[in-house]
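Trainee: Provided below are the primary sequence and the corresponding predicted coordinates.
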Protein chains: 2
Amino acid sequence: MIIPKPRPFTAEQHEFAKLAKAFGHPARIAIIEYLIEVNTCICGDIVDQLPLAQSTVSQHLKALKEAGIIKGNIEGNTICYCIDEKSLEKLNKFMQRVSSKTEDKKIAVNQK
Amino acid sequence: MIIPKPRPFTAEQHEFAKLAKAFGHPARIAIIEYLIEVNTCICGDIVDQLPLAQSTVSQHLKALKEAGIIKGNIEGNTICYCIDEKSLEKLNKFMQRVSSKTEDKKIAVNQK
DNA sequence: TTCCTTTATCGTAATATTGCAATATAGTTT
DNA sequence: AAACTATATTGCAATATTACGATAAAGGAA
């Protein structure tokens, strides 16, 4: 009897892993929180906010941009960063789905 | 004029980074989704579900356990894993807060 | 006891991440 | 043009992650 090989991970699993991974560092959480607070700001402001070198901050910004969590608009000399709401929405919905399902189970168990 | 050194990251930022990081790999997303689906299961079931070696799955389970996302109960020979709802709840609330704040901003901008 | 099953851990290799200083790039100002 | 500002990239070291096979540990079955 042949046991079917399990499928590799789904595109969805990869997608949410990528989004979550971008949140997986305190510096990037701090950047996201700051951007939410100020709505929009230039890169230099973020560098001033964090206890990290400019090059390191730039790397974290790149990671967030590649995950689709932030967007950067070039404005002359500077770059104006802001949150990409769509990705946050997506991750939020995923977390909600996951969290609500465990809630359902908990209720079901209690009603037994 | 002395510019104050920015504070290191907050405990909250570390906490959510740790939780998010645990979600930051498709295998771990798959494990979480499977555990939600079946509610509870022994470790071997998870190994069968994933295209990964037993030792690798064990590592991922350890990571999830250390992040507080799953719990493992020893039952004789086997270990019964399940989701720790509290941590999911926490991460969900965080994402909701973050996501709703960008929503607010969007509305505020539109009303200008 | 001996064998089997289940899970964790160890050792190791490959790769990725994090952080920084130094440098490059590109726009701005003078 | 030269000097300055803002950001990205490069090079590099330290560390972490991912994956696997081999092995250990601990319980159950024969």
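Mentor: Looks like it came in fine.
Trainee: ok, which stretches of chain A are helices?
Mentor: Secondary structure of chain A (DSSP state H): helices at A:11-22, A:26-38, A:43-49, A:54-66, A:85-111.
Trainee: which one of those lies closest to residue B:25?
Mentor: Evaluated over the helices of chain A, closeness to residue B:25 peaks at helix A:11-22, with 5.4 Å, by CB to CB. Heads up, the C-betas are built off the backbone N, CA and C, glycines and all.
Trainee: Mind checking if the closest one is in reach of DNA strand D?
Mentor: No - Helix A:11-22 stays out of contact with DNA strand D when judged by CB under 7 Å from any atom of the strand, the minimum separation being 7.6 Å.
Trainee: Residue A:90 contacts residue A:19, doesn't it?
Mentor: Yes - the pair residue A:90 and residue A:19 passes the contact test of CB atoms under 8 Å, sitting 6.8 Å apart.
Trainee: quick one, which of those two is more surrounded?
Mentor: When residue A:90 and residue A:19 are compared on other CB atoms under 10 Å in any protein chain shown, the one with more neighbours turns out to be residue A:19, at 24 against 17.
Trainee: residue contacts, that one?
Mentor: Listed by CB atoms under 8 Å, 6 or more residues apart in numbering or on different chains, the contact partners of residue A:19 are A:67-69, A:87, A:90-91, A:94.
Trainee: Save these as JSON lines, and put in pLDDT and distance to chain B too.
Mentor: Written out in JSON lines, the entries for these read as follows (pLDDT from 0 to 100; distance: CB to the nearest CB, whole Å):
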{"residue": "A:67", "pLDDT": "97", "distance to chain B": "10"}
{"residue": "A:68", "pLDDT": "97", "distance to chain B": "14"}
{"residue": "A:69", "pLDDT": "97", "distance to chain B": "10"}
{"residue": "A:87", "pLDDT": "93", "distance to chain B": "10"}
{"residue": "A:90", "pLDDT": "94", "distance to chain B": "9"}
{"residue": "A:91", "pLDDT": "94", "distance to chain B": "6"}
{"residue": "A:94", "pLDDT": "95", "distance to chain B": "8"}
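Trainee: from those residues, which would you call buried?
Mentor: Neighbour-count burial within the contacts of residue A:19 applies to A:67-69, A:87, A:90-91, A:94; the criterion is 16 or more other CB atoms under 10 Å in any protein chain shown.
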